[in-house]
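Undergrad: Generate a structure from the sequence data that follows.
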Amino acid sequence: MSRPTLLTGWGRTAPTAATVVRPRTVAEAAEALDRAGPRGVVPRGLGRSYGDAAQDAGGLVLDCTGLTGPLRFDPEREEVTAPAGTPLRRLMAHLLPYGRFLPVVPGTGHVTLGGAIAADVHGKNHHVDSSIGAHVRSLTLLTPRGEVLELGPDYGDTALFWATVGGMGLTGVITSARLAVHTVETAHLRVDTDRTGDLDSTLELMERTDHAYRYTVCWVDLLARGAATGRGVLTRAHHARLTDLPAPLRREPLRHRPGAPLSAPPWAPTGLLNRATVGTFNTAYYHAAPRRRRGRAHPLGGFFHPLDRVRGWNRIYGAHGFVQYQFVVPFGAEDTLRHVVEGLSRAGAPSFLAVLKRMGEPTPGPLSFPRPGWTLALDLPAASPGLARLLRGFDERVLAAGGRLYLAKDSRADAATVHAMYPELASWRRVRERVDPDGVLVSDLARRLRLV
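TA: Next up is the predicted model:
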């Protein structure tokens, strides 16, 4: 084995060292599981979980990005089968020439298929299409005992299937999956944009119009104060039809043009993102957005993955990294959402990546995050003064409202709070203990939150 490697999540906080193994076959992954030591093992994809979900201090980390191979698209069944190490951006590029698209796309294409299922990722269409687990027709799971199981939502070990969807890699190593896809005419979206003046108008417009769009998301200015608190830029979209495109784009309507990414500076000073700099950016971004624009043709990549245009953008937060905080609260708990938005504004917490969405029906996964309601995701420099106390207070309000935090984003919550937020944790544990009685699968997140 190689010497230990220092690993972090995308937020670049809480680094720990583990031995990293990169299997290229299921047999090699099984061998690695078999020789896991007392500190156990956890699978890892492209490292886009923000916290410590894919770290195992002193243990073994399976880098599953080598589990790749041919993609099999079945047009009759409207599904694609792919190895778990396949990045979603590769799946998108493969499907578009056939006039097909992924059912759920998260905020980055740099996520493996296995990692997406393990986190049960959601996108801008959760209010219509749920999360990715709702579209997985089957998956292949390598268990800690070396068994290779094919699981589905309605056949085989269904309890293990749903424990794996959103199970953060703690039930086994996903090695491949079969996923439903849907038909598109073009590689563009038809986008409507509105600027909102405050949080109340933002919520009202989203509640009134979201049902009419497949994709919807609102950027929120969390530094605006007074009457402008919670102002935002709301974008909603459908897949563009051929007739929606200007003439030059109709010649190659399914051509995907991701473009060459820029690179963030390799180093940025701590404190670069502060109230003044982020406030200036937020004000400029808000006023640059159109008050009202309809039917603009927009490339898929730019709409779903704007940050993928900048390689290594997480480095701009400096050496201490950043905290990603995402919660969901039920419809009817708008006061809790308002409390968080107003609290961040009063604190001057410098977040420029804050997005608000409405969520729809969940999957049956016991550890799956989404629930019907409002979800707000935001980033904050980890070195922000008073951040720990501020977020602990938000945790209490979210819990009291019947909400929860997203495990794929979390890097700092306490175990008691998370246990209360996930009442089905006990049933998930029973399934996990059945498939992994020796506790081979473990992560820093699992230890911190006492999940195992």
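
Undergrad: what stretches of the stretch 1-150 of the chain score poorly on pLDDT?
TA: Within the stretch 1-150 of the chain, the segments meeting pLDDT under 70 span 1-2.

Undergrad: start to end distance for stretch 226-245?
TA: 41 Å (Cα to Cα, to the nearest Å).

Undergrad: Show the average pLDDT along it.
TA: Taken as a whole, stretch 226-245 carries a mean pLDDT of 97.

Undergrad: doesn't H127 fall inside a strand?
TA: No. Counting by DSSP: H, G, I helix; E, B strand; the rest coil, H127 is not part of a strand but helix.

Undergrad: Next, the contact list for it, please.
TA: Shown in contact with H127 (Cβ atoms under 8 Å, 6 or more residues apart in numbering): D210, H211, T216, K357, R358, M359, G360. Backbone N, C-alpha and C define where each C-beta goes, glycine included.

Undergrad: The last one is in contact with W374, isn't it?
TA: No. With the criterion set as Cβ atoms under 8 Å, G360 and W374 do not qualify as a contacting pair; they are 11.7 Å apart.

Undergrad: So these two - more neighbours on which side?
TA: The neighbour comparison of G360 against W374 (other Cβ atoms under 10 Å) goes to W374, with 23 against 19.

Undergrad: and that one, what are its bridge partners?
TA: With DSSP bridges as the criterion, W374 is bridged to V329, R358.

Undergrad: distance of it from D244?
TA: To D244, W374 is 30 Å away according to Cβ to Cβ, to the nearest Å.

Undergrad: ok, now A237?
TA: 11 Å.

Undergrad: neighbour count winner among those two?
TA: Neighbours per residue, other Cβ under 10 Å: of A237 and D244, the larger number sits with A237, 24 against 19.

Undergrad: Just to be sure, the more buried one is in a strand?
TA: Yes. Counting by three-state DSSP, A237 is part of a strand.

Undergrad: If you tally nearby residues, what's the number for R293?
TA: 13.

Undergrad: Return the residues in contact with it.
TA: Listed by Cβ under 8 Å, 6+ apart, the contact set of R293 reads V191, D192, T193.

Undergrad: how about 7 Å then?
TA: D192, T193 (Cβ atoms under 7 Å, 6 or more residues apart in numbering).

Undergrad: list the contacts for the residue lying closest to V165 once chain neighbours are set aside?
TA: Closest residue in space to V165, ignoring its immediate chain neighbours: G133 at 3.7 Å, by Cβ to Cβ, 6 or more residues apart in numbering. By Cβ under 7 Å, 6+ apart, G133 lies in contact with I117, D120, V165, G166, T363, G365, S368.

Undergrad: And V278, by the same measure?
TA: L223, P350, S351, F352.

Undergrad: for the helix or strand hosting it, which positions count as buried?
TA: Using DSSP states H and E, V278 sits within helix 275-288. By neighbour count with 16 or more other Cβ atoms under 10 Å, helix 275-288 contains the buried residues V278, G279, N282, Y286.
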